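Asks: need a 3D model of the sequence below.
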Amino acid sequence: MNVCSKCKNEITGDLYISKLNETKILCENCYYAETFCMAMSKIMQICKKYKNTNLQMHKEELILEIYKNNKQKNLYKILEIEKQQDKLKVVILPDKITKIIDIKDFEELIYIINNQKQVGIPNQKEVKLLRQKYKPGTKVQLIKMYDYISPVSSGTIGSVDFIDDIGNIHMKWENGSRLSLIAGLDEFKILED
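Replies: Model (predicted):
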């Protein structure tokens, strides 16, 4: 008979090994409670790095508010975060995008959102300069795309299709994607012929 090291109840299903102490055997409920606490602790550590955030706990869900600036005015995004077994379920509002990610990917998500909010819309003079620099057909190689939905993979090569009136660089990627680059946010380099 196996007994949970934490709640002392008999374990009738699968056995789980504690992530904190490998000598402890846990029932499913105690294991997920332990991993939930560990994940929430890591999330709180990540959020402390950013001064423009406000983290609140509601039952078994965290609410992360991300502001445009440090004065906590101009709310930019709200993340509703729940632990789902070994993953995090993150709902990004107002976009209504749901992502299921590993805890290790949460910091990257926050980093991307913070980078996105710092990019403004270029004025017409800046758009004109972009159009002069990135003419249709210009070959570029992607270094990093700061998109939390479905970024194009680093190293992908593509050609400029056109630049719209708000400065988005519309692309034709070799992998078939048509996802645009955002100047001042995404990292890429021009390939010489």
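
Asks: mind checking the SS state of residue 106?
Replies: helix (DSSP: H, G, I helix; E, B strand; the rest coil).

Asks: can you name the residues that contact it?
Replies: Taking C-beta atoms under 8 Å, 6 or more residues apart in numbering, we find residue 106 in contact with 42-43, 46, 81, 88, 90. Glycine gets a C-beta too; all of them are placed from N, C-alpha and C.

Asks: and the pLDDT at the residue most central in space within the chain?
Replies: With distances taken as C-alpha atoms, centre = their mean, the residue of the chain nearest its centroid is residue 109 (1.7 Å). Reading off the confidence values, residue 109 has pLDDT 94.

Asks: which residues does it contact?
Replies: By C-beta under 8 Å, 6+ apart, residue 109 lies in contact with 90, 99, 101, 148.

Asks: distance check, the first one against residue 134.
Replies: Just to be clear, that refers to residue 90. Separation of residue 90 from residue 134 (C-beta to C-beta, to the nearest Å): 33 Å.

Asks: now the phi/psi pair for residue 4, please.
Replies: Main-chain torsions, residue 4, degrees, to the nearest 10: phi -60, psi 130.

Asks: residues contacting residue 84?
Replies: residue 100.

Asks: what ranges does this structure have for its strands?
Replies: 16-17, 25-26, 53-58, 61-67, 75-84, 87-93, 97-101, 139-144, 157-163, 168-173, 181-182, 187-190 (DSSP state E).
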